[in-house]
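Visitor: starting from these lines, generate the structure:
(one chain, ligands or ions: 1)
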Amino acid sequence: MAGLYVHIPFCSSFCLYCDFYSELAAGKMDGWIEALSLEISRRKGFLHTAPSTLYLGGGTPSLLSATQLHRLMGTLRDAFGLDALEEATIEVNPDDVTAEKAALWREAGFDRVSMGVQAFDDARLRWMRRRHTSEEARNAFQILRAAGFDNISLDLIFGYAMLDGESWSHDIDEVLTLAPEHISCYQMSIEPGSALGELAAAGRYAEPQQEVCAEEYLMLQQRLGQAGYQQYEISNFAREGFRARHNSAYWRREPYLGLGPGAHSFDGSRRFWNDSDLDGYIAALKAGNDAPGSSETLSATDVFNEQLMLGLRTLAGLDTALLDAGLLIKARPAIEQAASRGDLIVEGTCIRIPAERLFVSDAIVSALFQ
Ligand code: SF4
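Guide: As a prediction, this is how the structure comes out:
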């Protein structure tokens, strides 16, 4: 198994909470796609097998024109062969979804759409500086359905000051009414590079209490569970047969190649990343060089901690037989303590965090690190 990720580093405006690498699209996309084609040809030997998943993320992949998307897909197909793909996802913003674009995405080979809805309330969406209204999100969903997408994931956000139990319950009602195959929910965090980070630093925004966020998370787990969604990872819920394959491979530490400025790659033992610098990326590739970036070879301890961190995000947990035996012996007392507190379930060689403790999983996992 191997994954292919393409980072589309463009947005038409920036959301309040976001610190993903992205630039304003105006005038820069053609230079970027030229450079991306060069990067694709330079890195076609990175994966030793044909990719089984493709993910176009961002930024805002739905900003790509038909010409740009066809060129990108053609270059990817020539370099990697896309015949073995089991899942091809494109991230879209509701305000970009039209019948023409939805047909384009289908025709380009995408069988899964991930759409950032975030909330079903216009005042909260405006506060987040999202570009769409709740009505536009509902319409966009129906347009995607009409175009034949039968695997749609919707994103929601909880854990921010404007949200209360009633409004969160409303958001959950609305997403359940649409009945997507997959739902991802993230807690808003204050990231230093975001506009929200600046507001917080100026004393103009404070996060809600963690107990309030924990209640919202519990409501989410209960309501989605009652509606037939299975939680399979901290932030992800799916109907039977619709778990995200691309992201699941990240948690299993399978190799993937990330293309574009800011993208990360993993070959099974080393991690690589391109600098988050569009101009530097374009200049280097046009000059015949690799994209500027860095890499890190993981030590045995890094691998051990990473296996814990990624494996314990999932409800299936981690098979400790995959861990370094010496480090596992050292971690054993911490594992037993966590199990005695109810923070971990140990079944044979498998360890996992019970669903009701997932909200505090960071603390549970870091106590096991070596
Ligand atoms: S949340 Fe998405 S659309 Fe908003 S700024 Fe970040 S990458 Fe762009």
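
Visitor: does G288 belong to a helix, a strand or coil?
Guide: Following DSSP: H, G, I helix; E, B strand; the rest coil, G288 is assigned to coil.

Visitor: ok, A338 - contacts?
Guide: Contact partners of A338, counting by C-beta atoms under 8 Å, 6 or more residues apart in numbering, are L344, I364, A367, L368. Every residue, glycine included, has its C-beta placed from N, CA and C.

Visitor: what are the ranges of the helices in the stretch 201-350 of the chain?
Guide: Applying DSSP state H, counting those that start in this stretch to the stretch 201-350 of the chain gives helices spanning 210-226, 245-251, 278-286, 300-311, 325-341.

Visitor: rounded mean pLDDT for the fourth one, please.
Guide: What that stands for is helix 300-311. Taken as a whole, helix 300-311 has a mean pLDDT of 97.

Visitor: return the most buried member of the helices of the stretch 201-350 of the chain.
Guide: Most buried of these by mean neighbour count (mean count of other C-beta atoms under 10 Å) is helix 245-251; its value is a mean of 20.

Visitor: for it, give me every contacting residue.
Guide: So helix 245-251 is contacted by 1-3, 5, 52-55, 86-87, 89, 232-233, 236, 256, 310-311, 313-314 (C-beta under 8 Å, 6+ apart).

Visitor: please report the distance of the residue nearest to the spatial centre of the chain from D78.
Guide: Nearest to the mean C-alpha position of the chain, counting by C-alpha atoms, centre = their mean, stands N247 at 6.9 Å. Counting by C-beta to C-beta, to the nearest Å, the gap from N247 to D78 is 26 Å.

Visitor: so which elements touch the helix or strand of the chain with the lowest mean pLDDT?
Guide: When each helix and strand of the chain is scored by mean pLDDT, DSSP states H and E, strand 23-24 comes last, with a mean of 90. Applying 3 or more C-beta pairs under 8 Å, 6 or more residues apart in numbering; DSSP states H and E, we find strand 23-24 packed against strand 10-11.

Visitor: residue in the stretch 151-300 of the chain with the shortest distance to the ligand?
Guide: Distance from the ligand to each residue of the stretch 151-300 of the chain (C-beta to the nearest ligand atom) is smallest for S194, at 8.6 Å.

Visitor: name the nearest residue to that residue, sequence neighbours excluded.
Guide: Excluding its sequence neighbours, the residue lying closest to S194 (C-beta to C-beta, 6 or more residues apart in numbering) is D19, at 4.5 Å.

Visitor: now do the same for the one you found: its pLDDT.
Guide: Looking at D19, its pLDDT is 92.

Visitor: still on that earlier bit, turn the helices of the stretch 201-350 of the chain into TSV, including distance to the ligand.
Guide: Converted to TSV, these look like this (distance: least, C-beta to the nearest ligand atom, whole Å):
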stretch	distance to the ligand
helix 210-226	19
helix 245-251	16
helix 278-286	14
helix 300-311	23
helix 325-341	34
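
Visitor: circling back: show me the two of the contacts of A338 that sit farthest apart.
Guide: The largest separation in the contacts of A338, counting by C-beta to C-beta, is between L344 and A367 at 9.8 Å.

Visitor: ok, these two, which is more surrounded?
Guide: Using other C-beta atoms under 10 Å, the more surrounded residue of L344 and A367 is L344, with 23 against 15.

Visitor: residues in contact with that one?
Guide: I335, A338, I351, R352, I353, P354, I364.

Visitor: note down every partner strand of the least confident helix or strand of the chain and its orientation.
Guide: strand 10-11 (parallel) (DSSP bridges).

Visitor: need the contact partners of the strand it pairs with.
Guide: S22, E23, L24, A25, K28, M29, W32, G58, G59, T60, L63.

Visitor: ok, the spatially closest residue to L315 that is not a sequence neighbour - contacts?
Guide: Excluding the flanking residues, the one nearest L315 by C-beta to C-beta, 6+ apart is Y232, at 5.3 Å. If you count contacts by C-beta under 8 Å, 6+ apart, Y232 has them with A238, R243, S248, T314, L315, A316.

Visitor: could you pick out the buried ones from the residues you listed?
Guide: Buried residues within the contacts of Y232, counting neighbours by 16 or more other C-beta atoms under 10 Å: A238, R243, S248, T314, L315.

Visitor: dump the residues you listed to TSV, plus pLDDT and distance to P261.
Guide: Listed next are those as TSV, based on pLDDT from 0 to 100; distance: C-beta to C-beta, whole Å:
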residue	pLDDT	distance to P261
A238	98	31
R243	98	29
S248	96	26
T314	98	29
L315	98	34
